[in-house]
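K.L.:
Sequence and computational prediction follow.
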Amino acid sequence: MIRMPKFRWDIIWLPVAPLSSAGVCLHVDRLLNESSEEVRKFRNYIIGEDYILQIITRKDEEKQHRLSWIRRRISGTVANRSRT
């Protein structure tokens, strides 16, 4: 009985392996670029939100300062009127 030669799969992988590994590397590179772009967008969004919140709180602090100043002035004028 004639034996068939054993097929060597490792020989087939020699030309295919570099191409498939290059494809995997390109795919991973694309995924990393997309995710870093999304992270950059999210970071800019968060920084923008934080900046807007700082502006709002700063305006609120200025309003509170102005209101307290007005209240002091009003209470001072009322106190001065009651004395006279």
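P.N.:
Cool, the structure landed.
K.L.:
how far away is residue 40 from residue 26?
P.N.:
For residue 40, the distance to residue 26 equals 21 Å [C-beta to C-beta, to the nearest Å]. Bear in mind the C-beta positions are built from the backbone N, C-alpha and C, glycine included.
K.L.:
Show me where the protein dips below the pLDDT cut-off.
P.N.:
Residue ranges of the chain with pLDDT under 70: 1, 4, 77-84.
K.L.:
where do the helices sit along it?
P.N.:
For the chain, the helices defined by DSSP state H occupy 9-83.
K.L.:
Give me the neighbour count for residue 53.
P.N.:
10 (other C-beta atoms under 10 Å).
K.L.:
ah, wrong one, I meant residue 74
P.N.:
So residue 74, with other C-beta under 10 Å, has 10 neighbours.
K.L.:
separation between it and residue 32?
P.N.:
For residue 74 relative to residue 32 (C-beta to C-beta), the value is 62 Å.
K.L.:
same check, this time on residue 66
P.N.:
50 Å.
K.L.:
Next: residue 10.
P.N.:
31 Å.
K.L.:
what about the two, which has more around it?
P.N.:
residue 32 (10 against 7).
K.L.:
ok, now how distant is that one from residue 44?
P.N.:
19 Å.
K.L.:
Residue 60 now?
P.N.:
24 Å.
K.L.:
Residue 59 too?
P.N.:
22 Å.
K.L.:
Only alpha carbons, please: show stretch 16-29 as PDB.
P.N.:
The C-alpha atoms that make up stretch 16-29 are tabulated as PDB, following Å, rounded to 0.1, in the frame of the first residue of the first chain:
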ATOM      1  CA  VAL A  16       0.400  33.700   4.900                       C
ATOM      2  CA  ALA A  17       1.600  34.500   8.400                       C
ATOM      3  CA  PRO A  18       3.300  37.800   7.700                       C
ATOM      4  CA  LEU A  19       0.300  39.000   5.800                       C
ATOM      5  CA  SER A  20      -2.200  38.000   8.400                       C
ATOM      6  CA  SER A  21      -0.100  39.500  11.200                       C
ATOM      7  CA  ALA A  22       0.300  42.700   9.300                       C
ATOM      8  CA  GLY A  23      -3.500  42.800   8.900                       C
ATOM      9  CA  VAL A  24      -4.000  42.200  12.600                       C
ATOM     10  CA  CYS A  25      -1.600  45.000  13.300                       C
ATOM     11  CA  LEU A  26      -3.300  47.400  11.000                       C
ATOM     12  CA  HIS A  27      -6.700  46.600  12.500                       C
ATOM     13  CA  VAL A  28      -5.400  47.100  16.000                       C
ATOM     14  CA  ASP A  29      -3.800  50.400  14.900                       C
END
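K.L.:
Perfect, that will be all.
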